[in-house]
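*Asks:* A structural model of the following input is requested.
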Amino acid sequence: MRKDNVPPDRINKNIRWLTARRDALLKRLGKLGPFMGGSLVLIGRTCGNKEHCHCAKGPKHVSLYLTFAEKGKTRTIYVPVDMEVEVRRWSQSYRDLKADVAARVSRLFDLKPKADFIVEPIETFRQVSSATAEYLQPAPDGTRPGIFYVNTYQLASRPVWEREALFIHEAVPGHHFQLSIAQEQQRLPEFRRFQGPTAFVEGWGLYAETLGYELGLYQDPYQRMGALAFQIWRADRLVVDTGMHALGWTREQAIDFMMSNMPKTQTDIVAEVERYMAIPGQALAYKIGQTHLSELRAKAEKALGGKFSISDFHHQVLADGAMPLALLEQKIDRWIRSVR
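*Replies:* Below you'll find the model as predicted:
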């Protein structure tokens, strides 16, 4: 096994070669759709600019945060540090948020999972290499609830402002709802109950973040800023992912772009860019999934007018497990025709 690292430019060259062969094949088959390089960069830039505009209209101290962040600095609200006491307090804050969201979620959902979930800190041996938070779906036989894990490693560096957006992405009505509901559909084959396209699964997680406003969350200006910063982050990931793997960007170009557009530190951004170098298309799937879900909702609202029900729409999206976005669109179109 070679011990030297493969240069990023060589990786990009190989990916561009493979992409050209793929696109040529898709073109011959008549399947070359609009979601390719230039279109995706445009979508990402448009989404990112929109969220920056929302931030600029917010409270003055939120705009100041983004101004400082764009200069490579951070102005984050941090939790105080008192080790075990603060770890318990940090975890309890998410348990309190769980109860708060549970009291609100019925206004948007009539289909809910039977399984519950608990909030736990990530185990010490996994903390360093783990994300800020993650979700583990329940045991299929009901012997274990789902688990919303929160990372308490270096707690002083964990920003409070991302708490609500992070929770509704990973837990309710995000991954806990989507994954648990799919798993509980005994009529579906196993591959539909336990697997699914990233664009659907993570697209739902990002879409769930946007529901925070309708759930009455994001009232605190810092929580609202956190939600908008999350959307900027995902839009910028789409630009960077496509830039590197379709348009020939270098690692440094990707880092510079994110540094000029994201409220994150350089250390975080370097880690993000290197993740996208290693997993082409993942960030793309997240944002395209969210965009498509939002478009389907807007389409249904326009078509149905006063007959549109948000809980019925969510029921249609979640009731049959994860599926390719094209199939989901066909399903929503059939539902629209049946309601009219």
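
*Asks:* run through the strands of the chain in chain order.
*Replies:* Assigned by DSSP state E, the chain shows strands spanning 117-121, 133-136, 146-150.

*Asks:* and the gap between Arg192 and Gln185?
*Replies:* 8 Å (C-beta to C-beta, to the nearest Å). (Each C-beta comes from the backbone N, C-alpha and C, glycine too.)

*Asks:* what sits in contact with each of these two?
*Replies:* Common neighbours of Arg192 and Gln185 (criterion: C-beta atoms under 8 Å, 6 or more residues apart in numbering): 320-321.

*Asks:* measure Ala99 to Ser180 for me?
*Replies:* 18 Å.

*Asks:* the two - which one has more neighbours?
*Replies:* Using other C-beta atoms under 10 Å, the more surrounded residue of Ala99 and Ser180 is Ser180, with 22 against 8.

*Asks:* got the contact list for that one?
*Replies:* 113-115, 117, 137-138, 146.

*Asks:* output the lowest mean pLDDT helix or strand found in the chain.
*Replies:* Least confident element among the helices and strands of the chain, by mean pLDDT, DSSP states H and E: helix 60-70 (a mean of 37).

*Asks:* tell me the pLDDT at His52?
*Replies:* pLDDT recorded at His52 is 46.

*Asks:* again with Val87
*Replies:* pLDDT recorded at Val87 is 81.

*Asks:* how much space between the nearest residue to it once chain neighbours are set aside and Arg104?
*Replies:* The shortest distance from Val87 to any non-neighbouring residue, by C-beta to C-beta, 6 or more residues apart in numbering, is to Thr152 (4.6 Å). Here the criterion is C-beta to C-beta. By it, Thr152 lies 26 Å from Arg104.

*Asks:* you'd agree Pro324 is up against Thr198?
*Replies:* No. Between Pro324 and Thr198 there is no contact under C-beta atoms under 8 Å: 10.9 Å.

*Asks:* quick one: which of the two has more around it?
*Replies:* Taking neighbours as other C-beta under 10 Å, Pro324 and Thr198 compare with Thr198 leading, 17 against 12.

*Asks:* ok, that one to Lys287 distance?
*Replies:* Here the criterion is C-beta to C-beta. By it, Thr198 lies 11 Å from Lys287.

*Asks:* who are the contact partners of the residue most central in space within the chain?
*Replies:* When C-alpha atoms, centre = their mean is applied to the chain, the residue found nearest the centroid is Leu206 (3.6 Å). Going by C-beta under 8 Å, 6+ apart, Leu206 touches 169, 231, 234, 286-287, 289-290.

*Asks:* using CSV, please lay out those together with pLDDT and distance to Met259.
*Replies:* Below are the contacts of Leu206 laid out as CSV (pLDDT from 0 to 100; distance: C-beta to C-beta, whole Å):
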residue, pLDDT, distance to Met259
His169, 97, 24
Gln231, 86, 18
Arg234, 85, 16
Tyr286, 91, 20
Lys287, 88, 19
Gly289, 93, 26
Gln290, 93, 24
